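Trainee: Generate coordinates for the sequence data below:
(one chain, ligands or ions: 2)
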Amino acid sequence: MVFTIMVFEYLLLLFQVVVYKNKMKICCIGAGYVGGPTMAVIALKCPDIEVAVVDISVPRIAAWNSDQLPIYEPGLDGVVKECRGRNLFFSTDVEKHVREADIVFVSVNTPTKTRGLGAGKAADLTYWESAARMIADVSKSDKIVVEKSTVPVKTAEAIEKILTHNSKGIKFQILSNPEFLAEGTAIQDLFNPDRVLIGGRETPEGNKAVQALKEVYAHWVPEERILTTNLWSAELSKLAANAFLAQRISSVNAMSALCEATGADVTQVSYAVGKDTRIGPKFLNASVGFGGSCFQKDILNLVYICECNGLPEVAEYWKQVIKINDYQKNRFVNRVVSSMFNTVSNKKIAILGFAFKKDTGDTRETPAIDVCKGLLGDKARLSIYDPQVTEDQVQRDLSMNKFDWDHPLHLQPMSPTTVKQVSCVWDAYEATKDAHGICILTEWDEFKKLDFKRIYDNMQKPAFVFDGRNIVNADELREIGFIVYSIGKPLDPWLKDMPAVA
Ligand code: NAD
Ligand code: UGA
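Mentor: Numbers count the residues shown, from 1 in each chain. Ligands and ions are numbered 1, 2, ... in the order given. Reported below is the predicted structural model:
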């Protein structure tokens, strides 16, 4: 009996060794908004692959290994819980996991440069370059290296140079596999992507690498949705897709200004326009402006690439998308100030929503930052409520310099001073108590269900609502007694004679 058990255990061990040895290993450098969810879904859908997500940020990895994940994303908790410790691992031992991997994804920050050549536009590839140098240093076997970060077109060429100069005879194939997920719907987007794009060198080795990555995605993505292109098309398609998306928002936001001037209603206009099947209904919601970590950064990067390639007219065309976005945020602030007797000095303004969109706690480039800074510039007192954003984050955002946020956490310069006129509360009713005005800056569902009669009763009069997301019923609020401004909607009689832009 004992002998039989021993034989059984031996065979089991042998089986595990064989399976373990043949198991494909993926390592992802960068455990952020892209690396974390993307790898969790690969691990879930590919139980035969071992996935390690590594990062230089110790607190970030600790959070991935805890019950309180470092990012809020609907559905993410369930996916991580199912795979973590099975075939999904989070670690700070970057070198070990890179060394062991067959495929290395790189999903590190690619911020906008703040100094030197191309400052304010070009992508800062410091983190990418250091990741590539480390891969070259620690590797002992051939690897496929995948660009998951959004990078300037032709980055793969530079990466190739770093990797192939390792003089160890190790072969690297570089692929571009940009990510198209949107925050708040990341898990849904990863489960059911419109497309997966893989770009590679058009050589036998390049094609083999493309095929290997294709097989990973083919575990759950239908083959016709996995597109393969050359490297440069894949890199540029990512920048182009974000530019097209942002351009739609700037287009509808530009129309919103004209709607306010003419009495047209932007919701009706975008509905009518979107009914054209060639245009389509999505991504036509007028707003206080687009935010998020990528649209502005990627368009600035595109502008820089155009300028470097001697295409100033094309650069100017895309620059306008950012200019309209800045105009829209300014316009909103000016509406608030001019409606409230041309000053908000020492007035309490409630800010409902600080995240750049609903269903995320992410505040990177959120329009709320510019709106709050604008109001603070006019000496307002702000009471901020967002269900997913902490006071610490708000203070960081309001005191950080432009583009400084897009660096690994421990490298972000921290201002020792807090913005005193700002307080954060954990309840919309508390935020609006005794306020003169309310700015709705994120479209959280819970804001649609607020008891506005109760809110009105507890506010200073006249009480104002400035809806930067068009989520409240302006007529109902006017019935209660509010003066209401909604982006791109026929103006409240109160606002009609006030200048929109100073
Ligand atoms: P992020 O800041 O959330 O994550 C990046 C991580 O990389 C950080 O945790 C940082 O500590 C880590 N890192 C940086 N250098 C490192 C190094 N040398 N070794 C190990 N770890 C390192 O950023 P993100 O939002 O995940 O974006 C990453 C990339 O993906 C960017 O290029 C971005 O443009 C692109 N992208 C982002 C989204 C999105 O929705 N956030 C979507 C598509 C593409
Ligand atoms: C965007 C793209 O949608 C993703 O495909 C891309 O992968 C990602 O950028 C990236 O590269 O980082 P994300 O920024 O997460 O995703 O969110 P979006 O849903 O695109 O929203 C961006 C901003 O535009 C938000 O502030 C949102 O409120 C605003 N928006 C969006 C509008 O103002 N109106 C709309 O109709 C849609």
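Trainee: Ligand 1 contacts on this structure?
Mentor: 29-35, 55-57, 60, 94, 107-110, 127, 130-131, 149-150, 179, 181, 183, 293-294, 408 (Cβ under 6 Å from any ligand atom). For the C-beta atoms, the positions are set from N, CA and C on the backbone; glycine is no exception.
Trainee: out of those residues, who's near ligand 2?
Mentor: Answer for the residues of the chain next to ligand 1 near ligand 2 (Cβ under 6 Å from any ligand atom): Thr150, Glu179, Leu181, Glu183, Ser293, Cys294.
Trainee: Now a PyMOL select for only the buried ones of the residues of the chain next to ligand 1.
Mentor: Per 16 or more other Cβ atoms under 10 Å, the buried members of these correspond to this PyMOL selection:
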select buried, resi 29+30+31+32+33+34+35+55+56+57+60+94+107+108+109+110+127+131+149+150+179+181+183+293+294
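Trainee: Ligand 2 contacts on the chain?
Mentor: So far as Cβ under 6 Å from any ligand atom goes, the chain lies against ligand 2 at 150, 179-183, 242, 245, 249, 283-285, 287, 290-295, 356-357.
Trainee: follow-up on the earlier one: farthest pair in the ones next to ligand 2 among the residues of the chain next to ligand 1?
Mentor: Thr150 and Glu183 (13.9 Å; Cβ to Cβ).
Trainee: that older thread, tell me the one of the ones next to ligand 2 among the residues of the chain next to ligand 1 nearest Leu231?
Mentor: Thr150 (14.2 Å).
Trainee: hang on, isn't the closest one packed against Phe295?
Mentor: No. Thr150 is not in contact with Phe295 according to Cβ atoms under 8 Å; the separation is 10.7 Å.
Trainee: can you list residues touching both of those two?
Mentor: Asn242 (Cβ atoms under 8 Å, 6 or more residues apart in numbering).
Trainee: Distance-wise, check Glu479 relative to Glu260.
Mentor: 21 Å (Cβ to Cβ, to the nearest Å).
Trainee: higher neighbour count, those two?
Mentor: A count of neighbours by other Cβ atoms under 10 Å puts Glu260 above the other of Glu479 and Glu260, at 23 against 11.
Trainee: Please tell me I have it right and that one contacts Leu491.
Mentor: Yes. In terms of Cβ under 8 Å, Glu260 counts as a neighbour of Leu491; the distance is 5.9 Å.
Trainee: which non-adjacent residue is nearest the residue of the stretch 1-150 of the chain found nearest ligand 1?
Mentor: Distance from ligand 1 to each residue of the stretch 1-150 of the chain (Cβ to the nearest ligand atom) is smallest for Gly32, at 1.9 Å. Leaving aside its sequence neighbours, Gly32 sits nearest to Ser107 (Cβ to Cβ, 6 or more residues apart in numbering; 6.6 Å).
Trainee: between the ones next to ligand 2 among the residues of the chain next to ligand 1, which is closest to Phe452?
Mentor: Glu183 (28.3 Å).
Trainee: so where does the closest one fall, helix or strand?
Mentor: Of the helices and strands defined by DSSP states H and E, none includes Glu183.
Trainee: Sort out which residues of the helix or strand hosting Ser250 are buried, please.
Mentor: Taking DSSP H and E as the criterion, Ser250 maps to helix 231-262. Using 16+ other Cβ under 10 Å as the test for burial, helix 231-262 gives 231, 234-239, 241-243, 245-257, 259-260.
Trainee: again, but for stretch 470-479
Mentor: Buried residues in stretch 470-479 (16+ other Cβ under 10 Å): Asn470, Ile471, Val472, Ala474, Leu477.
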